Every structure is written in C-alpha cells, then in structure tokens.
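Trainee: Next input, structure requested:
(one chain, ligands or ions: 1)
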Amino acid sequence: MRSPQEPEWITDQGGEAFAHIYRVDAVLHDERSAFQRVRVIENLDFGRMLILDDAVQTTERDEFIYHELLAHVPLCTHPAPRRVLIIGGGDGGLLRETLRHPIEHATMVEIDRAVIDATLRWIPSIPANCYADPRARLLVDDGIRFVREGGEHFDVAMVDSTDPKGPSLGLFSSEFYGQMAALLGASGVLAVQSGSPLYQQDLIAMVQQHMAPHFRWVRTYLGAVPTYPGVFWTFTVGSQGRDPAGVNPEELVERMRHIPTRYYLPAAHHGLFVSPPFLQSAMSAG
Ligand code: AG3
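Mentor: Numbering: from 1, shown residues only. Predicted structure coming up:
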C-alpha cells in the first residue's frame, strides 16, 4: 500500500527493460470505458496528460509535435485536399490541425466516446473548438468497419491510433490499408503513426510491407515526442499521386503561409524524409 505522502507514478513501458515514468500530481479523471482505462492526470513538467491504459497519448506541453507531423505532412503531400478522414484521434488534436487547411470537410471516426469527452472536459486546449467547426463531422464508431464498408471518397486519411494491441491491431493490417486505398483514389494520401524506431522496429517494417502493395510511395519519417517511450517516434505516409518527399518547396511555403505551427516547417519537410541509417534498416527489415 502507498502511504498518503508517497506520490503515485505512471509507468509507460517501451521495451522489455525500459519505461518512462511520470509523477501523478493530480488525478482529474479516471474511468474504465468499454475499451480501455481513460485517465487525465496533471504532471508538473508536462501539464495535463491523457493516458489510455498505461500508455501516454498526449500532453499539454508536447502534443503539437505529434499532431502537426501527422497532419501537415499528408495534407501538404496531396495537391488540393478537400475531404479528409481521421481514424481514432479522440483527443481532437489531429482534427484541430487538419481544420487549419482550407478543406471542405473532415470526418473523424473514434471508437471510444470516453476519450473525446475526457479530453474536451479536462484538456480543452487540445481539441480547441474543432467540433464546432461546420466542416467537422464526428462519428463514434469502429473505424475499421467504417473503412471496410467504404462508400465515401476521401483525399487524405490519417490514422491516429493507440499502440498495436487489441482493437487497434487491425489498423496496421494490409487488408485495412488496401481498403483505405480504395476510399482514397488516384492522388490519395494516408498517414499513420508507426511506432518507436527503438523498440518497435518490427512494427515499422510491417507498416512498410503492408502499405507497399496499395500505395505508389511509402515513406517513414521521424519526430521527437518527449513523452513517448524513447522519445524518437515514426510516422508512415503512403501516397498514390505525388511523392511526399518531392513536393515543390515553394508550394509548401505557400500552403502553410497562414497556418501557425510550432514544430512542422515547410523548410524542414524534405529533411523529414532523409532518414538516419538506423531507421532505413528498420524500414527494410522484416
Ligand atoms: N497515439 C499514441 C501513440 C502511441 C504512444 N505509445 C505509448 N506511449 N506507449 C497518440 C494519440 C494522440 N492524438
């Protein structure tokens, strides 16, 4: 038993033998939804943090890095995105970044309403006012089923998932990427979070392999997310039309001109695809 003076710490395990730990300075929300344990805690260094089971999803202090990287890379890869699909993303950060582009609409399909509600209530700066945007459509539903059933057309899709365990495993399958490609059409772009390059190299290789049959270009890029185990994190983009690494630099500047960012920069876009050799080997492994 912990004594009342001893603080609680949350352990987000990366590899077999390492983890990041965070002191719980206050518990703002703790519930077991139909899918997972949903917690919002306060931490002195990172502010409010959304934790699903024991995995940190996002925090007030560093959420912009992940959300900007997952949104602006695929959106700028497509020449003129109008319809956007987000699978997962319950905290709303990705939808918020997406809506900064002059798109027609964005549909977000999140399976767990508890994540949407807890973030809206306790970390409102992350969704900001994205759900009030008339271009946003929110569906609380199974994203895998939504994509399988098809019937709608999108220009850009993003998968903002939890770790590849349980219900989210299907979001990393070749079958799912194939069904996504069918929704996306000729210049479609898909971006996903593809895990840690330190302890999930198998996942990166698997995502590469599973996307390859369905997309003309498949590229993995790196970001630094301080609150994910090991800090280094990867994203993988599949594109049918343009090469994500070949977008005209002046066009990038123009497209991002009125979009404020704190991490993603047009001038850094191409550099994202110049991968360090250890990541290149991870991509081609498997
Ligand atoms: N999605 C979670 C990425 C995986 C983090 N893994 C971990 N901490 N063990 C982030 C959702 C942000 N919108």
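Trainee: Which residues does the helix or strand harbouring residue 179 contact?
Mentor: Residue 179 belongs to helix 174-184 when elements are defined using DSSP states H and E. Residues outside helix 174-184 that contact it (CB atoms under 8 Å, 6 or more residues apart in numbering) are 85, 144, 147-148, 150, 152-157, 170, 188, 190, 209-211, 213-215, 238, 240. The C-beta positions use only the backbone N, C-alpha and C, and glycine is treated the same way.
Trainee: Over to stretch 14-25?
Mentor: Counting by CB under 8 Å, 6+ apart, residues outside stretch 14-25 touching it are 7-13, 41-46, 49, 56, 196, 198-199, 227-230.
Trainee: Just the buried positions in it, please.
Mentor: Burial within stretch 14-25, assessed by neighbour count using 16 or more other CB atoms under 10 Å, is assigned to 14, 20, 22, 24.
Trainee: contacting residues for residue 76?
Mentor: Going by CB under 8 Å, 6+ apart, residue 76 touches 247, 251, 252, 255, 256, 266, 269.
Trainee: mind putting those in JSON lines, distance to the ligand included?
Mentor: Output for the contacts of residue 76, formatted as JSON lines (distance: CB to the nearest ligand atom, whole Å):
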{"residue": "247", "distance to the ligand": "24"}
{"residue": "251", "distance to the ligand": "27"}
{"residue": "252", "distance to the ligand": "23"}
{"residue": "255", "distance to the ligand": "23"}
{"residue": "256", "distance to the ligand": "21"}
{"residue": "266", "distance to the ligand": "23"}
{"residue": "269", "distance to the ligand": "21"}
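Trainee: Identify those among these that sit within helices.
Mentor: 251, 252, 255, 256, 266, 269 (DSSP state H).
Trainee: Rebuild the residues you listed as TSV, extending it with distance to residue 182 and neighbour count.
Mentor: Output for those, formatted as TSV (distance: CB to CB, whole Å; neighbours: other CB atoms under 10 Å):
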residue	distance to residue 182	neighbour count
251	27	12
252	28	20
255	27	20
256	30	20
266	31	20
269	28	21
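Trainee: Quick check: next helix or strand after the host helix or strand of residue 205?
Mentor: Here residue 205, judged by DSSP H and E, is contained in helix 201-211. For helix 201-211, the succeeding helix or strand toward the C-terminus, using DSSP H and E, is strand 217-224.
Trainee: Run the chain-centre distance for that following strand.
Mentor: Distance of strand 217-224 from the chain centroid (CA atoms, centre = their mean, to the nearest Å) equals 12 Å.
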